[in-house]
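In: based on what follows, work out the 3D shape:
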Amino acid sequence: MNTTPKVSFVCPSYNHERYVAGFMRSVLAQTMPDWELVIVDDCSTDDNLAIIREFDDPRIKVFAHDRNEGISVAYNDALAHSSGDIVAFVASDDEVLPEYAEVVLSAFSEHAEAGVVYAPLSTMDEDGNRLECVVVKSQDVPPERFFCELFLRENFLPSPGMAMRRAVIGRFAPFPRNLFVYSDVVQHLALAFATKSHYLAKPVVRYRISTKSASWSGGLRTMCVAEVAEYMNYAVKLIGSDVEAFRRHFGHREEVACETISPRTIPFWMAKLALSSDVIARRAWGLQKIVELMNDAGFLDELNRVSGLSYGKIIAMMRKCREMPYLDEAPNPNKYEKKPVAVPGMYKLKRGREKVLSLFGLKIRYRRS
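Out: So this is what the prediction gives:
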């Protein structure tokens with residue numbers, strides 16, 4: 001066997017004593033032997049680590065945290081200790097099919113331009129029983145529009161079993177440690193920006209659907225809202241001041257297709273695009289980003305000079321944003337008629353013909369025509 005394995009499975013693991021043995025057996029059953037498994041136990045409180053250490057194979061590298069640090073740190077540590085040419089991200093409550101490594105290597109060989117390979121997922125229940133559904137990507141999204149669609153809507157790409165060339169990992173690693181819900185989606189976003197992708201026709205991973213997993217918890221929506229700003233700002237950072245990159249990923253959108261855009265005004269146009277999202281938290285981020293940018297007089301001068309957008313036109317644009325009903329209520333309930341709205345810091349009030357739209361401290365008063 002070569003000293004450098006062809007495939008590195010990297011796996012954070014936490015409190016999976018019920019599933020981890022099945023996962024590790026699935027890796028050991030690979031039809032291609034030239035692989036390594038780097039598994040990091042994130043200070044589990046059950047017998048997860050003890051079960052992992054029962055597997056005696058020189059291709060398995062086991063590391064254990066002495067305190068719980070979260071999935072992102074565990075992934076970063078697994079990556080740091082891996083050495084394969086191809087890196088596969090796996091979870092210790094899922095299972096890889098025996099032909100996984102062989103199929104993925106073949107895909108990279110046949111598609112030399114691809115930096116990442118995705119695959120549909122077959123599914124199983126908590127007890128390992130096969131389910132009929134298969135998790136696939138949205139069929140209406142071509143790869144060249146992955147970045148735009150990941151920016152505007154929730155994740156549609158399967159993360160378990162995704163594999164990439166080591167050369168592209170620097171596009172996103174290390175994982176931001178403050179993200180949990182969006183930690184893997186940051187990968188998709190960075191990869192969509194930096195490289196081409198290939199999507200396998202058949203599943204090579206069995207994905208466990210568990211009512212107790214983090215991805216199915218009732219607090220997921222709340223955590224998504226909390227992390228959206230970090231995720232969206234990460235996308236803005238990736239585009240930076242590159243107008244050509246902005247056009248490449250967003251130029252097909254009618255909201256910006258005919259606009260004159262300068263490097264400095266790119267964050268504004270990305271925020272404007274977010275206002276068209278079907279996802280409430282992304283629209284809220286768009287409004288907040290525009291309000292933040294409006295505090296910079298120099299920025300407003302350039303936006304007006306380059307694109308002809310005055311302060312009044314920007315306010316009119318924000319007012320056209322779809323309402324975001326539900327997460328918070330306006331203060332001073334006895335002063336105005338209350339209306340439910342989306343996020344703390346943003347609310348709409350009315351009294352007779354007068355209306356007030358408050359966006360994170362910027363109060364806009366207007367009257368109904």
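In: quick one: stretch 16-36 to chain centroid distance?
Out: Stretch 16-36 sits 26 Å away from the centroid of its parent chain (Cα atoms, centre = their mean, to the nearest Å).
In: show me what counts as buried in that stretch.
Out: 16-24, 26-27, 30, 32, 34-36 (16 or more other Cβ atoms under 10 Å). C-beta: built from backbone N, CA, C; applies to glycine.
In: so what would you say the end-to-end distance of it is?
Out: In stretch 16-36, first residue to last residue: 20 Å (Cα to Cα, to the nearest Å).
In: sketch out the low-pLDDT regions of the stretch 151-300 of the chain for me.
Out: 211-221 (pLDDT under 70).
In: could you chop this structure up by domain?
Out: 7-222, 240-319, 325-369 (automatic domain parsing).
In: in the helix of greatest length in the chain, what's buried?
Out: Criterion DSSP state H: the longest helix present in the chain is helix 220-239. Buried residues in helix 220-239, counted by 16+ other Cβ under 10 Å: 224-228, 231-232, 234-236, 238-239.
In: need the helices for the chain, in chain order.
Out: So, for the chain - with DSSP H - the helices run 20-28, 48-52, 71-80, 100-110, 146-152, 183-194, 220-239, 243-250, 266-274, 280-294, 297-307, 311-319.
In: and T123, which of these is closest to it?
Out: Nearest of those to T123, taken as Cβ to Cβ: helix 20-28 at 14.7 Å.
In: using CSV, list the CA coordinates for that closest one.
Out: Output of helix 20-28 as CSV, limited to C-alpha atoms (Å, rounded to 0.1, in the frame of the first residue of the first chain):
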residue,chain,number,x,y,z
VAL,A,20,-20.5,4.0,15.2
ALA,A,21,-19.7,0.3,14.9
GLY,A,22,-21.9,-0.1,11.9
PHE,A,23,-20.3,3.0,10.3
MET,A,24,-16.8,1.7,10.9
ARG,A,25,-17.6,-1.7,9.5
SER,A,26,-18.9,0.0,6.4
VAL,A,27,-15.6,1.7,5.9
LEU,A,28,-13.7,-1.5,6.5
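In: rounded mean pLDDT for that helix, please.
Out: Mean per-residue pLDDT for helix 20-28: 98.
In: before we move on, what about stretch 74-89?
Out: Mean pLDDT, computed over stretch 74-89, is 96.
In: next one: it to chain centre, how far?
Out: Averaging C-alpha positions (Cα atoms, centre = their mean) puts stretch 74-89 19 Å from its chain's average.
In: and that stretch, end to end?
Out: First-to-last distance for stretch 74-89 - Cα to Cα - comes to 12 Å.
In: that older thread, among the domains of the chain, which is the most enclosed?
Out: Highest mean neighbour count among the domains of the chain (mean count of other Cβ atoms under 10 Å): domain 7-222, with a mean of 18.
In: got the end-to-end distance for that one?
Out: Start-to-end, domain 7-222 (Cα to Cα) is 36 Å.
In: now swap in stretch 139-146 and tell me
Out: 11 Å.
In: contacts made by that stretch with the rest, please.
Out: 149, 156-157, 188, 192, 196-197, 199, 249, 252 (Cβ atoms under 8 Å, 6 or more residues apart in numbering).
In: go again with 7 Å.
Out: Applying Cβ atoms under 7 Å, 6 or more residues apart in numbering, the contact partners of stretch 139-146 are 149, 156, 188, 192, 196-197.
In: circling back to that earlier point, relative to V168, which of the helices of the chain is closest?
Out: Of those, nearest to V168 by Cβ to Cβ is helix 183-194, at 6.1 Å.
In: need the CA coordinates for the closest one. CSV is fine.
Out: Extracted in CSV, the C-alpha atoms of helix 183-194 (Å, rounded to 0.1, in the frame of the first residue of the first chain):
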residue,chain,number,x,y,z
SER,A,183,-20.9,24.6,8.8
ASP,A,184,-21.3,22.2,5.9
VAL,A,185,-23.2,24.7,3.7
VAL,A,186,-20.2,27.0,3.9
GLN,A,187,-18.3,24.2,2.2
HIS,A,188,-20.8,24.1,-0.6
LEU,A,189,-20.8,27.8,-1.0
ALA,A,190,-17.0,28.1,-1.2
LEU,A,191,-16.7,25.1,-3.5
ALA,A,192,-19.4,26.5,-5.8
PHE,A,193,-17.4,29.7,-6.0
ALA,A,194,-14.1,28.1,-6.6
